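Q: no sequence on this one, just coordinates:
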């Protein structure tokens with residue numbers, strides 16, 4: 001059959017309100033005759049197209065961000081559209097349209113099928129399922145819900161992670177526009193951090209870069225983390241080893257016997273930060289390791305400077321589990337002048353040995 005070109009107004013006037021729910025952003029109502037058409041803000045009607053685009057578990061991409069409540073609450077959406085070209089062949093039509101947002105537009109191709117219904121065989125055109133943008137999210141492993149555009153939505157059980165710590169991947173279909181996503185509330189120690197994801201004005205294959213959805217530490221969360229680190233540090237001080245495992249300090253390599261550790265001054269917290277589900281604290285201070293005295297030999301004392309970080313990962317129950325960046329000191333030989341002693345420090349993840357005046 002010959003391919004015919006119709007005016008855009010002819011197709012606009014005959015489109016059915018039964019279009020796919022995925023076309024709601026742009027074609028939820030009959031458009032006026034102007035070349036550029038504002039997008040209706042009201043609730044769209046559903047039809048056969050919805051069933052054709054139902055989520056399939058094998059996709060791995062969820063449609064939980066496509067509810068009416070989530071879509072109408074979007075901070076920014078497609079503002080208008082234009083129909084640039086319409087080609088009809090039999091009962092099929094190809095429509096080239098431009099979607100506008102923030103003074104720029106992208107072209108997209110849509111496909112429609114003609115249906116004849118009722119006693120009068122009235123013709124209607126139905127929009128066929130379209131390919132939607134995909135949001136790639138990294139969410140805390142214990143997440144059962146997400147806040148999308150201020151609306152709480154459930155994550156299906158089969159798409160929840162069973163990992164113990166960290167982040168897990170989740171993919172969502174979205175309509176073009178700006179989508180605000182927050183993690184669920186889990187306690188007063190962490191505040192969900194809002195993240196904005198911008199999907200371009202196109203209906204087609206597009207996926208966002210991975211976006212981490214996580215929390216910010218509150219004052220209560222910082223106190224909780226520091227308390228856990230205090231307990232861990234005290235455990236390190238109770239060790240008799242010159243290089244206790246899992247601790248942020250170690251005596252020089254020449255210290256080979258057992259001894260006692262002592263904190264010279266309280267640790268100073270320089271910085272705390274967090275992103276996604278990992279949080280870090282940087283501390284400085286000084287500890288002293290005294291080797292047990294042997295018969296007739298004076299006890300050896302080694303002063304060790306600390307400049308180290310500890311990190312905590314969020315577990316699936318919303319708890320912070322801290323761990324020190326452990327020492328990894330190399331053997332260093334340093335000849336110090338009379339009246340000086342070698343002092344081993346820990347800075348930027350590496351050991352540092354300097355000669356300093358004794359006493």
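A: All right, it came through fine. The model shown is predicted, which means the values in this text are computed figures rather than measured ones. Residues are numbered from 1 along each chain as shown.
Q: Please report the distance of the closest residue to residue 117 other than its chain neighbours from residue 130.
A: Counting by CB to CB, 6 or more residues apart in numbering, residue 124 is the residue found nearest to residue 117 once chain neighbours are left out, at 6.6 Å. C-beta here means a position set from N, CA and C on the backbone, and glycine is covered the same way. For residue 124, the distance to residue 130 (CB to CB, to the nearest Å) stands at 18 Å.
Q: Checking residue 224 next. Helix, strand or coil?
A: Three-state assignment for residue 224 (DSSP: H, G, I helix; E, B strand; the rest coil): helix.
Q: does it really touch residue 189, like I thought?
A: Yes - judged on CB atoms under 8 Å, residue 224 makes contact with residue 189 at a distance of 5.2 Å.
Q: Now the common contact residues for those two.
A: residue 320 (CB atoms under 8 Å, 6 or more residues apart in numbering).
Q: Where does residue 188 fall, secondary structure wise?
A: Per DSSP states H and E: residue 188 is located in neither a helix nor a strand.
Q: helix, strand or coil for the residue nearest to it when sequence neighbours are not counted?
A: Leaving aside its sequence neighbours, residue 188 sits nearest to residue 220 (CB to CB, 6+ apart; 5.0 Å). Per three-state DSSP, the secondary structure class of residue 220 is helix.
Q: quick revisit: can you verify the residue nearest to residue 117 is assigned to a helix?
A: No - looking at residue 124 with three-state DSSP, it is strand, so not inside a helix.
Q: and it, how far is that from residue 85?
A: 21 Å.
Q: Also residue 76?
A: Relative to residue 85, residue 76 is positioned 27 Å away (CB to CB).
Q: Next: residue 166.
A: 48 Å.
Q: So the two - more neighbours on which side?
A: residue 166 (16 against 13; other CB atoms under 10 Å).
Q: what's near enough to touch that one?
A: Neighbours of residue 166 in contact, by CB under 8 Å, 6+ apart: 140-141, 277-278, 313-314.
Q: Out of those, which is nearest to residue 261?
A: Closest to residue 261 out of the contacts of residue 166 is residue 313 (26.4 Å), distances taken as CB to CB.
Q: So what's the residue count around residue 234?
A: By other CB under 10 Å, neighbour count at residue 234 equals 10.
Q: Assumed it was part of a helix.
A: Yes - assessed with three-state DSSP, residue 234 lies in a helix.
Q: Distance of it relative to residue 242?
A: 18 Å.
Q: same question, residue 138
A: The gap separating residue 138 from residue 242 is 40 Å, by CB to CB.
Q: When these two are compared, which one has more neighbours?
A: Remark: of residue 138 and residue 242, residue 242 carries more neighbours, 21 against 16, as counted by other CB under 10 Å.
Q: Go ahead and confirm the more buried one touches residue 257.
A: Yes - counting by CB under 8 Å, residue 242 touches residue 257, with 7.4 Å between them.
Q: where do the contact lists of those two overlap?
A: Joint contacts of residue 242 and residue 257 (CB under 8 Å, 6+ apart) are residue 291.
Q: quick one: residue 144 and residue 154 touch, right?
A: Yes - Residue 144 is within contact range of residue 154, at 7.0 Å (criterion: CB under 8 Å).
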